[in-house]
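Novice: predicted model and sequence below, questions to follow.
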Amino acid sequence: MDIVAALFVENINFRQVPGPSTRIDITGAFFSMPVPSFPAALNPHLVVLVRARPDDAAEATLEVVFTRGDVELARSGQQFSVEPGKFGYRLVKPDLAFDEPGTVEARCTITESGSSVTVPLTVLPLP
């Protein structure tokens, strides 16, 4: 399996269109967010879109490690299934603490294939 994309989002919806075909409506994709004060506790939604090639196994494991520099802040491991030849998604909602402004990286990896992507999230003070 491969990671197609990973984004922090406000909302994600799916809808059918003729074909049959599915549309993914992603709204509010972001890579930074302001907070009113520090310390701040955040639970952002990270959506990881995946595809299974026609010859892939239907089962895989998504591991997401959230780090700030060399410090691991959170980790998520999820087994999931995607029908070979199809697309799927996983939602990861970490608990992240920020004592000050800074950037966290979400390192997303499908352990079986090694497919990987890193998504940054920068937290800033409100102006």
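Specialist: That came through, no problem.

Novice: in this structure Lys86 contacts Val50, no?
Specialist: No: judged on C-beta atoms under 8 Å, Lys86 makes no contact with Val50 at a distance of 9.6 Å. From N, CA and C alone the C-beta is placed, and that goes for glycine too.

Novice: which ones are touching the spatially most central residue of the chain?
Specialist: Geometric centre of the chain, nearest residue: Leu46, 3.2 Å, by C-alpha atoms, centre = their mean. Taking C-beta atoms under 8 Å, 6 or more residues apart in numbering, we find Leu46 in contact with 6-9, 64, 91-94, 106, 108, 119.

Novice: how about it: which residues does it bridge to?
Specialist: Here Leu46 sits in beta bridges with Phe8, Val92, going by DSSP bridges.

Novice: ranges for the helices of the protein?
Specialist: Applying DSSP state H to the chain gives no helices.

Novice: and the strands in it?
Specialist: Taking DSSP state E to define them, one finds strands in the chain at 2-9, 11-17, 21-27, 32-35, 40-42, 45-51, 59-68, 71-81, 87-92, 96-98, 102-110, 116-125.

Novice: what lines up beside the third one in the sheet?
Specialist: Spelled out, it's strand 21-27. Assessed with DSSP bridges, strand 21-27 is paired to strand 11-17 (antiparallel).

Novice: buried residues, the partner strand. List them.
Specialist: Neighbour-count burial for strand 11-17, counted by 16 or more other C-beta atoms under 10 Å, picks out Ile12.

Novice: contacts made by that strand with the rest, please.
Specialist: Outside strand 11-17, the residues that touch it by C-beta under 8 Å, 6+ apart are 22-28, 45, 47, 89, 91.

Novice: how many other residues sit next to Thr109?
Specialist: Thr109 has 19 neighbours, counted by other C-beta atoms under 10 Å.

Novice: again, but for the one 10 residues further on
Specialist: When neighbours are counted by other C-beta under 10 Å, Val119 registers 19.

Novice: looking at it, Leu62 is touching Tyr89, isn't it?
Specialist: No: applying C-beta under 8 Å as the test, Leu62 and Tyr89 come out as separate, 9.9 Å apart.
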